[in-house]
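Trainee: Model the structure of this input:
(chains A, B, C and D)
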There are 2 protein chains.
Amino acid sequence: MPNNQFKRGELYSVINGMASTAVARRLQKNFRQSGLEITIEQWSVLYHLWKEDCLSQQELCNRTFRDKPSITRLIDNLEKQKLVKRMPSKSDRRINLVCLTDAAKELQDRTIDLANQTMNEALVGVNKEEIELVKLVFQRVYDNLT
Amino acid sequence: MPNNQFKRGELYSVINGMASTAVARRLQKNFRQSGLEITIEQWSVLYHLWKEDCLSQQELCNRTFRDKPSITRLIDNLEKQKLVKRMPSKSDRRINLVCLTDAAKELQDRTIDLANQTMNEALVGVNKEEIELVKLVFQRVYDNLT
DNA sequence: GGCATATAGTTAGTTATGCAACTAATTTCA
DNA sequence: TGAAATTAGTTGCATAACTAACTATATGCC
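Mentor: Numbering: from 1, shown residues only, chains lettered A, B, ... in the order given. Model (predicted):
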């Protein structure tokens, strides 16, 4: 066995504990300070709907890397806040299409700006090539495990 | 404003949703299949105690990147499972030292092997230099935000 | 010495996650 | 055509996350 085993084990705690948590916390804090009452998880659902509205819950699972119960409850909460609405699909009666309300559409510009601003803060001293490499590594890790 | 803004926003969902979740899920699954009844979060606390036993809860917060209430409850659950024990510090009566039990010490080898094995699966096609760069980028992101 | 401040840890409330078991609609294929 | 298998979504249960408010101990400083 190679002697880099420990370093690999170490990477787990780096990946899972640190940067992603720090980014999520900061973004959540920025939302709160701007008077936005949404959680970072709810935002990540809206983010995908802004790119393409009226997705099925299953499609949201795929795009946000969450399981079905998580999406069910995120949509429940977003519906309570009147940010999305479940619409029955006409072609397949099992499917709920999740569609944005006008209120959600108004959130888009404000939150995307905050997110970009947060990522700019987070990525000071990190160049484009490094970002691309991180994304590539993560894609490979994801593909290896799924 | 540079035109790589969108890419930076994009990175958030990559970082936060994908690889870290996939690794954690796989490791949790491997624990379960080996008959280990611990969660991945509990393991990450034990992991730091194996490196240095009898840390304060605050020190565990720092090392695992969790907040105090999270550590309080993780330690509660680990104590219920008789894997750690809270010991009052002699020098400072505010402090609980969290110490491993013999049962926890026996878990170490089995789980570290599983973790290394999981990371080896996860990191197929990723070389040492790429791993080092990812760690460096994450450290920088963390430092930028804290 | 004694008051203000800081630090360690706990508790309460809300949201989110993972898993397993469930219902309902759809597809497959003999 | 119709039974079996698949797919979309929900519900229940346990654990974990963040915030805010709390108690208790320790430190700083006049």
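
Trainee: what's the longest helix in chain A?
Mentor: Across chain A, the longest stretch assigned as helix under DSSP state H is helix A:102-122.

Trainee: does it come close to chain B?
Mentor: Yes - counting by Cβ under 8 Å from any Cβ of the partner chain, chain B has neighbours in helix A:102-122: A:112, A:115, A:116, A:118, A:119, A:120, A:121, A:122. C-beta: built from backbone N, CA, C; applies to glycine.

Trainee: Output the contacting helices and strands for whichever helix or strand comes after that helix.
Mentor: Using DSSP states H and E, the helix or strand that follows helix A:102-122 towards the C-terminus is helix A:128-145. Applying 3 or more Cβ pairs under 8 Å, 6 or more residues apart in numbering or on different chains; DSSP states H and E, one finds that helix A:128-145 contacts helix B:5-14, helix B:20-33, helix B:102-122, helix B:128-145.

Trainee: among the residues of helix A:102-122 next to chain B, who's most crowded?
Mentor: Counting neighbours by other Cβ atoms under 10 Å in any protein chain shown, residue A:115 comes out on top of these with 26 neighbours.

Trainee: That residue against residue A:28, yeah?
Mentor: No - assessed by Cβ atoms under 8 Å, residue A:115 is found out of contact with residue A:28, at 10.9 Å.

Trainee: got any residues that touch both of those two?
Mentor: Shared between the contact lists of residue A:115 and residue A:28 (criterion: Cβ atoms under 8 Å, 6 or more residues apart in numbering or on different chains) there are no residues.

Trainee: Was I right to think residue A:46 contacts residue A:98?
Mentor: No - contact status for residue A:46 versus residue A:98: not in contact, 10.0 Å apart, counting by Cβ under 8 Å.

Trainee: tell me what the longest helix of chain A is packed against?
Mentor: For helix A:102-122, the elements it packs on are helix A:20-33, helix A:40-51, helix B:5-14, helix B:128-145, judged by 3+ Cβ pairs under 8 Å, 6+ apart.

Trainee: how far out from the middle of the chain is the first one?
Mentor: It refers to helix A:20-33. Its chain's C-alpha centre lies 12 Å from the corresponding centre of helix A:20-33 when counted by Cα atoms, centre = their mean, to the nearest Å.

Trainee: And for it, what's in contact with it?
Mentor: Taking Cβ under 8 Å, 6+ apart as the rule, helix A:20-33 contacts A:38-40, A:43, A:111, A:114-115, A:117-119, A:121-122, B:12, B:15-16, B:20, B:65, B:141-142, B:145-146.

Trainee: does DNA strand C sit close to that helix?
Mentor: No - applying Cβ under 7 Å from any atom of the strand, one finds helix A:20-33 separated from DNA strand C by no less than 9.8 Å.

Trainee: hang on, the earlier thing: which ones among the contacts of helix A:20-33 also lie next to DNA strand D?
Mentor: Counting by Cβ under 7 Å from any atom of the strand, no member of the contacts of helix A:20-33 reaches DNA strand D.

Trainee: Distance check, residue A:130 against DNA strand D.
Mentor: In this structure, residue A:130 and DNA strand D are 25 Å apart, going by Cβ to the nearest atom of the strand, to the nearest Å.

Trainee: And for the closest residue to that residue other than its chain neighbours, the neighbour number?
Mentor: Using Cβ to Cβ, 6 or more residues apart in numbering or on different chains and skipping the chain neighbours, the partner closest in space to residue A:130 is residue B:137 (5.5 Å). Around residue B:137 sit 21 other residues, with neighbours defined as other Cβ under 10 Å.
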